[in-house]
Every structure is written in structure tokens, then in C-alpha cells.
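Enquirer: here is a sequence together with a model predicted from it:
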Amino acid sequence: MPLSIVILAAGQGKRMKSDLPKVLQPLAGRPLLRHVLDCARALGPDAIHVVHGHGAEQVRAAFPETDLTWVLQAEQHGTGHAVMQAMPAVPDDHQVLVLYGDVPLVRAATLRELVAAAGTGSLAILSVLLADPAGYGRVLRDKAGNVYRIVEHKDANRKELAVQESNTGLLAAPAAALRRWLASLRNDNAQGEYYLTDVVTLAVKDGATITAVVAPTAAEVLGVNDRQQLAQLEAEYRRQRAGELLEAGVTLADPARLDVRGTVRCGRDVRIDVNVVLEGEVELGDRVVVGPGCVLRDVTVAADTVLHPHCVLTGAAIGARCSVGPFARMRPGARLLDDAHVGNFVELKNATLGAGSKANHLTYLGDATVGAKVNVGAGTITCNYDGVNKWPTVIEDGAFIGSGAMLVAPITIGRNATVGAGSTITKPAPREALTLARTRQQSLAGWHRPAKATTEERSRAIERARLPEDDHSG
């Protein structure tokens, strides 16, 4: 049966105390709604309808995908009212799955089970067993165990509040039947809203079968209403992703101090120290070691490379057996070939460091191509930017760049060339030669450093500065 997914994302999130709409609040570096959309797409639906309201333009701008149908809920009158807004665009022969934009950790496997339960024409709801179900609607069953009603927390009596099986709000149903039940909703409740959960009672009256699929864990159906709940889900997400790496054979110094905010692929015997952040697409080869405090975003690191503490790598490709850091920065386009070494406070941007080459201290290589077995001395800078354009630097194999050299691009340093320390090189340096560019050293005898003026001298100087030019008094 064709599947239409309706995602409710119109809430303001007042308790977040933020100008940002609730579904745009970040979880693991991505908006809450992004997590829900990714999960929804994993089901291969025929359509995804997003019901939005507060901050509508801001929400739509954050998700420019063309496979989304946006439905505006201009006034919010409850979850049932929200689903009503999307139903005109849903064909009767579709199955409808209702998700929430602030429930980001639900798993595709759980949703598949929910959709399958509704496949026979019944209404399927997702429930969860909670030790403390405060705030959740309760799933009420008869003596035979059949679901006959969901009562909201604010409308429940004492006996009903003691029920631990709680409603998550997620449900699946045939579109034609759901449309009929929605049309019969009433708002005579404590909130004066049209509750989506009331379709359960209407479905029972209609003679439909109600199936409650119990979520495997409470964590995957937790919603976000305030900062504390958001932090709770962040910790749960972090725990889940760390667990996946542990199961894959990765050694984590402390699973609680690793943030995985993207897709990570690891080889064998990878070791990751504490306070590491992995974002985007990250690939770590066999026996890679990631030191404490490193941040990797869209990075590949080949086998046997060591990233020493506090390195930041973005859009970089690191070869095998390299040594990076500590405190190194690899910006987009940085590429280290096998056995290259980059040391402390070295930065590469759109630059390649060749096999076996070294830049161990306080160096900037931008828009540069560095050959094999090159030594780049401490404090060397490729002067690649003239204020308008970026210019390339080429350093050929075997060159030796002395400390404190300024290489003014565009420029080429020849094969096995040597650049003397402290040189500012503005012309090509020939192969197999020593190139120097220093001003002549001078010593001035009798020169004295400026001394600090006394308070009285400073006062007189300030007074003189205030006098008009034609005032010759004193």
C-alpha cells in the first residue's frame, strides 16, 4: 500500500525560551526535524507532508528539499487539527503514518513494525512503558487487553493516571478511515483542542481493530519541550552512537565523552580518546589513533596515522602513517600523503604535503603543492593572498625551507633547492641551489631604547598638544 508520512512540526516551543522554532533546535549538530526526516525517508514513502506553523518561513528555509510537501497550520488547535490540514493532499488508498518533529530518536525499524500493524486496515498506535508517565496520555485497555481509549494526562482520573502504558502520539492508519475519524473529532476537553488520540475512541466505535505496538525503549519516543529534555536526548544520542562504535570494535577511552554527529566508518583497532567530536562523513583506517580534544568534520584518515591532541580537521584527506599535531589545523582541501608529518600550530588550506614531507612547527601552507621529502622550517608562510586573489606555491621534491621564510606566491621552489632562514622569496628559487633574500644587517652604536616619560613630562606634553599653533606663551 502506498505510504504518506505526515510530520507535525508547527509547535512554538515556548519552554525552550528561544527565538528559534522548536523543530530547528539542534540535536547532535542537526535540527530536530532533520533527524525525523532522515528516519522518514528510510521507509521509502510516496510522500512526506510537513505541517508547520510557528516560524514557518524559517523552518521551510532550513529544509529546501524538493520531496517535501509543506502544509501551513496558521492557528494551532491541537494535534488532530494539525493532521486535518495535511489530509486533503493524501489519497484515500494511502496508508498514513503520523510522526512528530520534536521526537527525533525514533528508529526506522520501530516505524516499519507500526506501519505493518496497520496494514490490515486497522489503527496502529505506538505506545511505551514508562516508570514515570507524567505528562503522557495513557493507553486504556479492557479486561481482554484490547485498546479502547487514550486519555490525556490532564483529563485522566486517579485510576487512569496509575496506568504506565503511555501513548507516544505516533500512529498509522488507512487514509480513508483516518479522514473519517478526524472529521468527527470534538474539542470538549481541558485544553479545548482537537486531540489526534481521540481517533482511537472513534475507531473503536467504528468497529476497527486497534493495535498497540510497544516501543522497544523509552528513549526513542522521548519528545523535546525544554532545554533539559533536549540535553537528555543529546546524552542518549551520544550513548547510542558510542555504543555502535564499541560494537564495531573501536576502543573508546570514555564513551560518554565522544560526540558523533554524522556517519563514521572505522577500520580495525581504531582508538579514540576523550572529548572528540566527529561530524559529517568521517572515515578512520586501521589502527588510527585520535587524541583527546580533536574535532573531525568530513575527513578521511588512512591506516596507522596518529592525530595528536587538539587538532581540528575539516574537509581533509590524511594518508597512511602520518603524524598530525598537536594543535594542528587542516582546512578544506588539505591533503597529507603517506608518512607526512604536521606538527604543532601548523595550518594547511587547499594544500598538499607530499609523501615523507614535514612541517613541524608554526607554519601556514595555503594554496600550495609540496612535493616528497620536503622539510618546511618553523615559522614558514606561503603568502598566497594579495587582498583579491589567491595564488599558488609549488615546492618541488627534496627542497629544504629554512625557518621564518616568507614565500610570496605565485612562486616555485625547485627540486632539492634550499631557502635560507629568514628569507622573503619573491622570485623562483632554482633547483639544487641555495637562495637567500635578507636585508643587510646593521648595528647602530650609541642608540638607546625609548624610555618611559615621567608623570610631569607626560603632563607637559599633553598641555603643549592642546595649545593653538599661534600661542607662543611659555
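Expert: Done, it's in. Numbers count the residues shown, from 1 in each chain.
Enquirer: only C-alpha atoms for contact and neighbour calcs from this point on.
Expert: Will do.
Enquirer: show me what contacts residue 11?
Expert: Contacts of residue 11 were listed using Cα atoms under 8 Å, 6 or more residues apart in numbering, and they are 21-23, 52-54, 76.
Enquirer: tell me which of those residues fall in strands.
Expert: Using DSSP state E, the members of those that fall within strands are residue 52.
Enquirer: and the contacts of residue 11, which two are furthest apart?
Expert: With distances taken as Cα to Cα, the most widely separated pair in the contacts of residue 11 is 23 and 76, at 15.2 Å.
Enquirer: which one's more surrounded, those two?
Expert: Using other Cα atoms under 10 Å as the criterion, residue 23 and residue 76 rank with residue 23 on top: 29 against 18.
Enquirer: I figured that one hits residue 102, correct?
Expert: Yes - with contact defined as Cα atoms under 8 Å, residue 23 reaches residue 102; the gap is 5.8 Å.
Enquirer: show the contacting residues for the closest residue in space to residue 2 that isn't next to it in sequence.
Expert: Counting by Cα to Cα, 6 or more residues apart in numbering, residue 94 is the residue found nearest to residue 2 once chain neighbours are left out, at 4.9 Å. If you count contacts by Cα under 8 Å, 6+ apart, residue 94 has them with 1-4, 174-176.
Enquirer: residues shared between the contacts of residue 23 and residue 102?
Expert: Common neighbours of residue 23 and residue 102 (criterion: Cα under 8 Å, 6+ apart): 9, 32-33.
Enquirer: now do the same contact list for the nearest residue to residue 60 once chain neighbours are set aside.
Expert: Of all residues not flanking residue 60 in the chain, residue 70 sits nearest, at 7.8 Å (Cα to Cα, 6+ apart). With contacts defined as Cα under 8 Å, 6+ apart, residue 70 is in contact with 49-52, 60.
Enquirer: what segments of the stretch 251-400 of the chain are helices?
Expert: Ranges of helices within the stretch 251-400 of the chain: none, based on DSSP state H, counting those that start in this stretch.
Enquirer: count the neighbours of residue 79 for me.
Expert: With other Cα under 10 Å as criterion, residue 79 counts 18.
Enquirer: ok, it touching residue 192?
Expert: No - the pair residue 79 / residue 192 is not scored as a contact, 11.7 Å apart, by Cα under 8 Å.
Enquirer: quick check: the gap between residue 403 and residue 419.
Expert: Using Cα to Cα, to the nearest Å, one gets 9 Å for the distance from residue 403 to residue 419.
Enquirer: again, but for residue 64
Expert: 51 Å.
Enquirer: and residue 446, by the same measure?
Expert: Distance, residue 446 to residue 419, by Cα to Cα: 34 Å.
Enquirer: higher neighbour count, the two?
Expert: More crowded of residue 446 and residue 419, by other Cα under 10 Å: residue 419, with 27 against 5.
Enquirer: show me what contacts that one?
Expert: Residues in contact with residue 419 (Cα under 8 Å, 6+ apart) are 400-402, 405, 429, 434-436.
Enquirer: can you report how many residues neighbour residue 207?
Expert: 9.
Enquirer: the one 3 residues further on now?
Expert: Residues within reach of residue 210, counting by other Cα under 10 Å, total 22.
Enquirer: for residue 42, same thing?
Expert: A total of 13 residues lie near residue 42 under the criterion other Cα under 10 Å.
Enquirer: residues contacting it?
Expert: By Cα under 8 Å, 6+ apart, the neighbours of residue 42 are residue 108.
Enquirer: what do you get for residue 72?
Expert: The contact partners of residue 72, taken as Cα under 8 Å, 6+ apart, are 51-53, 56, 85.
Enquirer: and the two most separated of the residues you listed?
Expert: Farthest-apart pair in those is 56 and 85; separation 14.5 Å (Cα to Cα).
Enquirer: where are the low-confidence patches of this protein?
Expert: Counting by pLDDT under 70, the ranges of the chain that qualify are 468-474.
Enquirer: 50 - rerun?
Expert: Confidence mapping of the chain against pLDDT under 50 gives the ranges 474.
Enquirer: domain ranges for it?
Expert: Under the assignment automatic domain parsing, the domains of the chain span 3-221, 241-435.
Enquirer: now find how far off-centre the longest one is within its chain.
Expert: Relative to its parent chain, domain 3-221 has a centroid offset of 26 Å by Cα atoms, centre = their mean, to the nearest Å.
Enquirer: what of stretch 236-251?
Expert: Centroid separation between stretch 236-251 and its chain, computed with Cα atoms, centre = their mean, is 17 Å.
Enquirer: for it, buried residues please.
Expert: Across stretch 236-251, burial judged by 16 or more other Cα atoms under 10 Å covers 236-239, 241-243, 245, 250-251.
Enquirer: which one of those residues is nearest to residue 286?
Expert: Closest approach to residue 286 among the buried residues of stretch 236-251 (Cα to Cα): residue 250, at 10.0 Å.
Enquirer: hey, where'd the helices end up in the stretch 101-250 of the chain?
Expert: Along the stretch 101-250 of the chain, the segments classed as helices by DSSP H, counting those that start in this stretch run 108-117, 158-161, 175-183, 199-205, 227-247.
Enquirer: any chance of those in CSV, plus distance to residue 298?
Expert: Output for those, formatted as CSV (distance: least, Cα to Cα, whole Å):
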stretch, distance to residue 298
helix 108-117, 25
helix 158-161, 48
helix 175-183, 41
helix 199-205, 45
helix 227-247, 17
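Enquirer: these: which one's closest to residue 275?
Expert: Residue 275 lies closest, by Cα to Cα, to one member of the helices of the stretch 101-250 of the chain: helix 227-247, at 11.7 Å.
Enquirer: which other helices and strands contact that closest one?
Expert: The contact analysis (3 or more Cα pairs under 8 Å, 6 or more residues apart in numbering; DSSP states H and E) places helix 227-247 against strand 26-27, strand 258-266.
Enquirer: adjacent strands (with direction) for the first one?
Expert: For strand 26-27, the pairing partners within the sheet under DSSP bridges are strand 30-31 (antiparallel).
Enquirer: got the angle between the helix or strand following the strand it pairs with and helix 227-247?
Expert: For strand 30-31, the following helix or strand on the C-terminal side (DSSP states H and E) is helix 32-41. If you take axes from the mean of the first three to the mean of the last three Cα atoms, to 10 degrees, helix 32-41 sits at 50 degrees to helix 227-247.
Enquirer: report the central residue of the chain.
Expert: Closest to where the C-alpha atoms of the chain average out (Cα atoms, centre = their mean) is residue 29, at 2.9 Å.
Enquirer: which residues touch stretch 247-258?
Expert: Contact with stretch 247-258 is made by 235, 238-239, 242-243, 246, 266, 268-277, as judged by Cα under 8 Å, 6+ apart.
Enquirer: can I get that stretch as CSV, trimmed to CA atoms?
Expert: As requested, the backbone C-alpha atoms of stretch 247-258 are provided in CSV (Å, rounded to 0.1, in the frame of the first residue of the first chain):
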residue,chain,number,x,y,z
GLU,A,247,30.2,-2.9,18.9
ALA,A,248,32.2,-2.3,15.7
GLY,A,249,35.4,-2.9,17.6
VAL,A,250,36.5,0.7,18.2
THR,A,251,38.3,1.4,21.5
LEU,A,252,36.8,4.5,23.2
ALA,A,253,38.7,6.0,26.2
ASP,A,254,35.3,7.2,27.6
PRO,A,255,32.1,6.6,25.6
ALA,A,256,30.4,9.4,27.5
ARG,A,257,32.9,11.9,26.2
LEU,A,258,32.6,11.2,22.4
